[in-house]
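Engineer: return atomic coordinates for the entry below.
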Amino acid sequence: MIAAFRPFFALAMRSPTRQYAFRRAVVAHVLFVASVAWPVHLHGPASAALLGQALLVAGIVEGAVLIGWRLTQLPKSQALEYLLVSHLSAARLSWAEALVGMARLACVTLAGLPVLLLLAFVPGPDSVNRGAALDAVDFWPLLVMPATWGALTGLALTVWAFEPPRVRRWAERILLVLVAGYLTVGLLAGENLRYWLSGLPESVGQLLLAAFRAFHVYNGFAVMQDWFAAAHGLNGATWVPWERTGGVEIGALLAVALLQLRAAGRLKGHFHDLHYTPVGDLPRRCRRAVGERPLAWWAVRRVSRYSGRVNLWLASGCGMLYACYTVAGAYWPPWLGRQAFVIFDQLGGIPGLATALVLLAAVPAAFQYGLWDSSAHDRCRRLELLLLTELGARDYWEAAAAAAWRRGRGYLAVACLLWLAAVVAGQTALIHVTAALAASVILWALYFAVGFRAFSRGLPATGLGLLLTIGLPLLAYFLGRAGGPLWAAVLPPGSVYAAAVGRTSLAWLPGALAAGVATLLLARAALARCDAELRRWYAGHHGGQVLD
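Structural biologist: Prediction:
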């Protein structure tokens with residue numbers, strides 16, 4: 001069995017592109033762990049839960065990139081057909097690629113171990129009398145859980161992509177009902193859920209209450225929070241939740257196995273659906289007129305295949321309910337929940353939540369989903385046709401902008417709704433909202449210009465997109481914590497937040513102006529050099545994969 005998977009591991013280690021991506025992931029992970037570990041070192045065990053939550057989020061993102069991205073892009077290459085008709089079964093191919101991705105994720109997770117060892121053996125200034133910030137037992141959740149939940153996320157994305165369109169449509173309807181139920185129970189009912197259920201039969205009410213509690217207790221984030229609270233005696237907790245942690249971990253591993261079984265069973269069928277489904281079998285709503293901009297039509301249709309509507313529904317529901325709570329203020333009915341909205345207020349309120357939504361709107365602009373291809377081979381095949389046409393730099397620009405705007409406009413609309421609610425509630429002035437909207441437009445344009453420039457030059461989209469959408473916001477946050485809001489406003493995410501808060505006068509303006517100037521320069525350079533750079537990249541990479 002091990003010998004059957006050995007060629008896949010050898011190929012992953014020898015591939016120059018995968019080596020480069022792996023090294024970037026390791027460096028990014030170490031820097032992220034170090035940036036989060038520094039406050040823990042300063043403040044001691046009281047902030048150790050923050051480190052666990054951050055590592056869990058990092059594991060989810062890394063699992064989506066290292067496992068989900070690789071497996072979902074695999075069937076897009078028609079070269080897979082030669083493997084599927086050989087003695088190598090599709091199930092074994094799927095298991096081999098999944099195991100390679102899990103091994104890479106485990107190595108990336110272990111790369112942060114030296115930083116964690118420093119936290120375990122070097123006491124901080126506020127924890128001299130209590131020892132170091134971490135205990136030896138804390139390495140169990142900090143290393144195992146992020147890798148497990150990262151694998152779970154990557155395989156969940158893979159299964160979602162591999163399912164037939166009809167299954168995905170029905171699954172979206174079910175998820176819409178679940179999102180509506182979660183928003184009703186988690187936000188509207190909140191701490192008053194017992195009062196809401198009092199009108200039901202006692203057995204039914206107790207069952208629903210137990211299910212809701214289990215949903216909030218038996219998940220990775222809740223387990224991580226309770227673990228550090230109990231392990232370090234915080235909040236009066238004395239019992240370390242070994243049983244609950246182990247149970248959640250075993251459940252996650254079982255989910256990983258089930259998802260991989262489904263992905264292995266759907267790989268061949270998804271390949272056939274992707275390449276051999278007749279155009280006439282597509283729904284009528286997918287066969288729209290091409291119009292006068294064929295490349296933009298194709299790019300929008302491409303990103304609409306997996307539109308991410310579930311995430312938008314969740315963000316829209318949370319945003320609209322929070323806007324209603326903000327406008328109601330003291331008139332918010334007592335039988336409705338408040339605790340979730342109080343947490344939103346503590347995390348930055350409307351300025352913080354709106355800034356996060358603006359960043360979500362800029363994600364498609366940074367990653368260039370509309371035009372970017374999964375590999376150099378696929379990009380060469382596409383450019384081989386596009387470069388023979390009369391399409392120019394402006395056509396590529398308009399196509400990428402149309403696709404990015406199609407994917408991100410919903411989040412920006414929710415952010416505008418929140419800002420409007422803040423104005424109505426008297427929390428901010430209209431001039432501050434206008435400034436925040438201007439800073440948001442500049443941020444989106446800058447991210448798009450940087451992403452398009454990288455597209456024309458053939459630079460990898462994943463690393464650059466993560467830097468813009470995760471790295472810069474984290475850097476702005478740490479600058480704000482260390483040097484105040486003036487330092488954070490230098491970066492585009494900080495300028496959006498500072499403009500929305502409005503407490504720092506025109507502190508947001510220099511950073512926004514610098515970002516605007518950089519956007520104009522990058523846009524001009526990208527439009528002027530796009531065609532030449534695409535042809536240069538194609539000339540340098542055409543046939544390169546075959547020669548290697």
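Engineer: give me the below-cutoff pLDDT ranges for the protein.
Structural biologist: Scanning the chain with the threshold set as pLDDT under 70 gives 1-3, 44-46, 123-132, 231-240, 277-289, 291, 374, 503-505, 543-548.
Engineer: who's in contact with the residue nearest to the spatial centre of it?
Structural biologist: For the chain, residue 61 is the residue whose C-alpha lies nearest the centre (C-alpha atoms, centre = their mean; 5.9 Å). For residue 61, the contact set (C-beta atoms under 8 Å, 6 or more residues apart in numbering) comprises 150, 466, 470. The way it works is simple: take the backbone N, C-alpha and C, and place the C-beta from them, glycine included.
Engineer: element containing it?
Structural biologist: Residue 61 is part of helix 48-63, with elements assigned from DSSP states H and E.
Engineer: show the subsequent helix or strand relative to that helix.
Structural biologist: With DSSP H and E, the next secondary element past helix 48-63 is helix 70-73.
Engineer: how about that next one, which residues are buried there?
Structural biologist: 70, 71, 72 (16 or more other C-beta atoms under 10 Å).
Engineer: need these in JSON lines with distance to residue 155, can you?
Structural biologist: As requested, the buried residues of helix 70-73 are exported to JSON lines (distance: C-beta to C-beta, whole Å):
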{"residue": "70", "distance to residue 155": "11"}
{"residue": "71", "distance to residue 155": "8"}
{"residue": "72", "distance to residue 155": "10"}
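Engineer: list just the nearest of these to residue 105.
Structural biologist: The shortest approach to residue 105 among the buried residues of helix 70-73 belongs to residue 70, at 10.5 Å (C-beta to C-beta).
Engineer: three-state assignment of the closest residue to that closest one other than its chain neighbours?
Structural biologist: Leaving aside its sequence neighbours, residue 70 sits nearest to residue 101 (C-beta to C-beta, 6 or more residues apart in numbering; 5.5 Å). The three-state label given to residue 101 by DSSP: H, G, I helix; E, B strand; the rest coil is helix.
Engineer: residue 101: neighbour count?
Structural biologist: A count of nearby residues for residue 101, using other C-beta atoms under 10 Å, gives 24.
Engineer: quick check: it touching residue 66?
Structural biologist: Yes: at 5.3 Å, residue 101 counts as touching residue 66 under the criterion of C-beta atoms under 8 Å.
Engineer: now list whatever residues contact both of the two.
Structural biologist: residue 154.
Engineer: re earlier: contacts only, for the residue nearest to residue 70.
Structural biologist: Contacts of residue 101 by C-beta under 8 Å, 6+ apart are 66, 67, 70, 71, 151, 154.
Engineer: thinking again about what came up before, out of the buried residues of helix 70-73, the closest to residue 10 would be?
Structural biologist: Nearest to residue 10 among the buried residues of helix 70-73 is residue 70, at 16.0 Å by C-beta to C-beta.
Engineer: state the distance from the closest one to residue 324.
Structural biologist: From residue 70 over to residue 324 the distance is 42 Å, taken as C-beta to C-beta, to the nearest Å.
Engineer: same check, this time on residue 484
Structural biologist: Counting by C-beta to C-beta, the gap from residue 484 to residue 324 is 33 Å.
Engineer: settle it for me: which of the two has more neighbours?
Structural biologist: The residue with more neighbours, out of residue 484 and residue 324, is residue 324; 15 against 12, by other C-beta under 10 Å.
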